[in-house]
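**Student:** Got a sequence here, can you model it:
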Amino acid sequence: MTIKPLVLLPDPILRETSKPVERVDEALRKFADDMLDTMYDAPGIGLAAIQVGEPLRMLVVDVSDKDEEPAPLVVLNPEIVARSDARNVHEEGCLSIPDYYADVERPARVTVNYMDIEGKMQTVEADGLLATCLQHEIDHLNGVLFIDYLSKLKRDMVVRKFRKLANNRPPARMVG
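**Tutor:** This next block holds a predicted model:
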């Protein structure tokens with residue numbers, strides 16, 4: 001079990017577009033396990049690879065309730081192929097923007113094509129929290145953050161707050 005350090009706003013890597021996963025191998029499966037461990041430890045319900053510093057089109061989600069058996073989903077190279085006209089509003093947060101939450105409106109249902117951790121193509125039709133979570137994490141792969149759906153005023157306030165926090169963090173120590 002390896003918990004990866006989370007990339008926090010305002011790190012510019014969060015605005016990068018992630019590259020497709022080219023090959024599913026043991027190293028990628030280990031990375032998927034590490035991402036799940038990191039997500040559960042945070043705790044969160046979704047995590048994109050870019051949030052741990054890897055610009056790969058890869059994400060993990062688990063929207064199961066605490067009293068349910070975990071239901072992790074590893075999603076490689078996701079593509080939203082259909083969106084409903086109906087909309088939903090969910091309060092969203094982000095592991096890369098800790099302790100900040102806001103209501104975001106998104107399509108209520110999505111259909112996502114993706115490759116699973118075995119390299120097989122899959123399709124998921126999602127609604128409710130899973131639809132929101134998948135859209136949020138896929139946005140990360142495209143350099144989009146949930147605060148981008150807020151008014152410019154609110155977004156600028158959040159960015160300023162996290163810039164100030166980043167400036168007050170002690171510098172990372174070099175080892176070796």
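
**Student:** for this protein, what are the low-confidence residue spans?
**Tutor:** For the chain, residues meeting the criterion pLDDT under 70 lie at 170-176.

**Student:** one more time with 80, if that's ok
**Tutor:** Applying pLDDT under 80 to the predicted model, the residue ranges of the chain that meet it are 1, 169-176.

**Student:** Which residue ranges of it form helices?
**Tutor:** Counting by DSSP state H, one finds helices in the chain at the ranges 26-41, 128-141, 152-168.

**Student:** among these, which is the most enclosed?
**Tutor:** With neighbours defined by mean count of other C-beta atoms under 10 Å, none of those is more surrounded on average than helix 128-141, at a mean of 22. From N, CA and C alone the C-beta is placed, and that goes for glycine too.

**Student:** That one packs against which elements?
**Tutor:** strand 46-48, strand 58-61, strand 73-83, strand 87-94, strand 97-107, strand 109-115, strand 121-127 (3 or more C-beta pairs under 8 Å, 6 or more residues apart in numbering; DSSP states H and E).

**Student:** Please repeat the previous calculation with a cut-off of 7 Å.
**Tutor:** With contacts defined as 3 or more C-beta pairs under 7 Å, 6 or more residues apart in numbering; DSSP states H and E, helix 128-141 has these neighbours: strand 46-48, strand 58-61, strand 87-94, strand 97-107, strand 109-115.

**Student:** among these, which is nearest Glu79?
**Tutor:** When the helices and strands packed on helix 128-141 are compared by C-beta to C-beta, strand 109-115 sits nearest Glu79, at 5.0 Å.

**Student:** and the closest one, C-alpha only, in CSV?
**Tutor:** Output in CSV follows, covering the C-alpha atoms of strand 109-115 (Å, rounded to 0.1, in the frame of the first residue of the first chain):
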residue,chain,number,x,y,z
ARG,A,109,-26.7,11.1,-16.7
VAL,A,110,-23.6,10.2,-18.8
THR,A,111,-22.4,7.3,-20.9
VAL,A,112,-18.7,6.7,-20.7
ASN,A,113,-16.6,4.4,-22.9
TYR,A,114,-13.3,3.3,-21.2
MET,A,115,-10.7,0.6,-21.0
